[in-house]
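Asker: could you look at this predicted model? Sequence included:
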Amino acid sequence: MKLFKRFKSTGTGQPEALNPDDNQSLIDVRDRHFLPTALLYHQQPLQLTRAEGVYVWDQQGNRYLDCIGGIICISAGHNHPRVKQQLIGMLENNEIQHTSTLYLNRHPVELAEKLVAEAPEGLDRVSFTNSGSEANELAFMTARQATGETIIVNLRHAYHGGTAGTLAQCGHHTWRFRSQPVASTTSALEPYCYRCPFNQKPESCDLECASNVETTIQTTTHGKIAGMIVEPVMGVGGFISPPREYFERVTRIVHEHGGKYISDEVQTGAGRCGHEFLLTKELGIDADMITMAKGFGNGAAIGAVLMKSEDALALKGKMYFNTFAADPMQTAQARVTLEVIKEEKLSENALAMGARIMDGLRQLMKRHELIGDVRGRGLLLGMELVKDRKTKEHAVAETARLMDLCKDRGVLLGKGGLFGNVLRIGPPLTINAEQVDFLLEAIDQSLTEISGAAQG
Ligand SMILES: Cc1ncc(COP(=O)(O)O)c(C=O)c1O
């Protein structure tokens, strides 16, 4: 990842003109005008210009198998013909491109009806937002309004967005700002089996991580909470995937202390992790609210909060307005995406291809010492790299190198984890067996190259 660089001088006091075909030219202008928080993947950053299905192309026409999809945002595949047709049709018909929710429009209403049909029973109210962060902000406000309490419990290693309220719930020092006020939050220990904070083994533990939620409430709050926010698979944290029983115990604890359980499905939702559209429903998690974004819009900037009527009614009498939320184009794109995922049975494919990748990674683990753990659900899979399987020292540089080498072999991947040593695999749900095998081959060859370099 690169930060600021000085821009090239033309000798005239003027910066060089932007040349969009030249990556360095784009980097120079970015360095000049973007904030230093704007990071780029890869030693040689990539410019992506075209996309179709599971593939993306750079400006020079090189093709890549996209196994990260933005950051887990492409569900039905890039430029899916039905999504494209929907948007082109709307533009050709001069359909209204923007109107606020102060006017009626069919698209958000149609989407709401379809989404509620996929939700666990009782979650029959929905509010659309522009992002996952905004969805979580609204969920926090609703939980606080409904309970009259302020404290939201989060998990260490969690990520819920980049706004003030969501960053206050963030379990990564790397993402939090020094200026970040952290009020009315408390953190429970992470359900991270590979690095269990209680030094337990998953086969013999008593879910001490779940019990820790209760201890945290008892020791850091006045005993009542507004709610707790949990990702069913912790995305930015490196696809930490707690067992089903964890959620059973934690939801009970949250409810016993008067709180609302918020299931953050920004990464897991939209059919990526199970037969159901929402993993919360698949796992039978007793959630009061579910938040979504990313793959829900297949690339459109849209998020959503699903909640129960009783909690929604707690907001009555207040005004909540969000200028671009529930925009006709975005909601139409999300509705068609949802229809495609259901009609083309993409969740079934995600499960089958996810299992194929998982099997492949387990095979690779036998031959590559660098792989410390593989985990995840459906097409949300992580591979944690360690320098030594005993000490579990984070293999940070090796993970970045692996991403670069895979890119050179035509495969794009992401990374995550507190120290950036977890390779993240989250391709569109349309990936097929041949493409999975290509991905596994790229990882295998790249790992061999890394270990060869280490020995050589
Ligand atoms: C689990 C989770 N929640 C919330 C967010 C925030 O979503 P957005 O970036 O759309 O605001 C993210 C983003 O990565 C996420 O992974």
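Answerer: Perfect, thanks for sending it. This is a predicted model, so every value here is computed, not measured.
Asker: tell me where the stretch 1-150 of the chain has strands.
Answerer: 48-52, 55-58, 63-66, 125-129 (DSSP state E, counting those that start in this stretch).
Asker: how about the last one, does it reach the ligand?
Answerer: No. Applying Cβ under 6 Å from any ligand atom, one finds that strand 125-129 is not in contact with the ligand, the shortest distance being 8.7 Å. For glycine as for every other residue, the C-beta is placed from the backbone atoms N, C-alpha and C.
Asker: neighbouring strands - and their directions - for that strand?
Answerer: strand 303-307 (antiparallel) (DSSP bridges).
Asker: could you export whichever helix or strand comes after the partner strand as CSV, CA atoms only?
Answerer: Following strand 303-307 in sequence order, the next helix or strand is helix 309-312 (DSSP states H and E). Backbone C-alpha positions of helix 309-312 (Å, rounded to 0.1, in the frame of the first residue of the first chain) are rendered in CSV as follows:
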residue,chain,number,x,y,z
SER,A,309,-42.1,-3.2,14.0
GLU,A,310,-41.9,-2.7,17.8
ASP,A,311,-38.5,-1.1,17.4
ALA,A,312,-39.3,0.9,14.3
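Asker: contact partners of helix 309-312?
Answerer: 124, 125, 142, 143, 146, 260, 288, 289 (Cβ atoms under 8 Å, 6 or more residues apart in numbering).
Asker: rewinding a little: any idea which of the strands of the stretch 1-150 of the chain is most buried?
Answerer: With neighbours taken as mean count of other Cβ atoms under 10 Å, these reach their highest mean count in strand 125-129, at a mean of 23.
Asker: write out the residues of the stretch 51-200 of the chain neighbouring the ligand.
Answerer: So far as Cβ under 6 Å from any ligand atom goes, the stretch 51-200 of the chain lies against the ligand at 71, 131, 132, 133, 136, 159, 160, 161, 162.
Asker: OK, contacts around the fifth one?
Answerer: Residues near residue 136 by Cβ under 8 Å, 6+ apart: 160, 161, 165, 166, 169, 229, 262, 264, 266, 291.
Asker: what does stretch 245-252 rub up against?
Answerer: 191, 207, 209-211, 213, 228, 230, 232, 261, 283-287.
Asker: buried sites along it?
Answerer: 246, 247, 248, 250, 251 (16 or more other Cβ atoms under 10 Å).
Asker: list just the nearest of the residues you listed to the ligand.
Answerer: Distance to the ligand, by Cβ to the nearest ligand atom, is smallest for residue 247 among the buried residues of stretch 245-252, at 15.3 Å.
Asker: let's verify residue 402: helix, strand, or coil?
Answerer: The local conformation at residue 402, judged by DSSP: H, G, I helix; E, B strand; the rest coil, is helix.
Asker: for it, what are its contacts?
Answerer: Counted by Cβ under 8 Å, 6+ apart, residue 402 has contacts 385, 413, 423, 443, 446, 447, 450.
Asker: repeat that for residue 243.
Answerer: 202, 207.
Asker: repeat the analysis, applying 10 Å as the threshold.
Answerer: 191, 193, 202, 205, 207, 209, 210, 283 (Cβ atoms under 10 Å, 6 or more residues apart in numbering).
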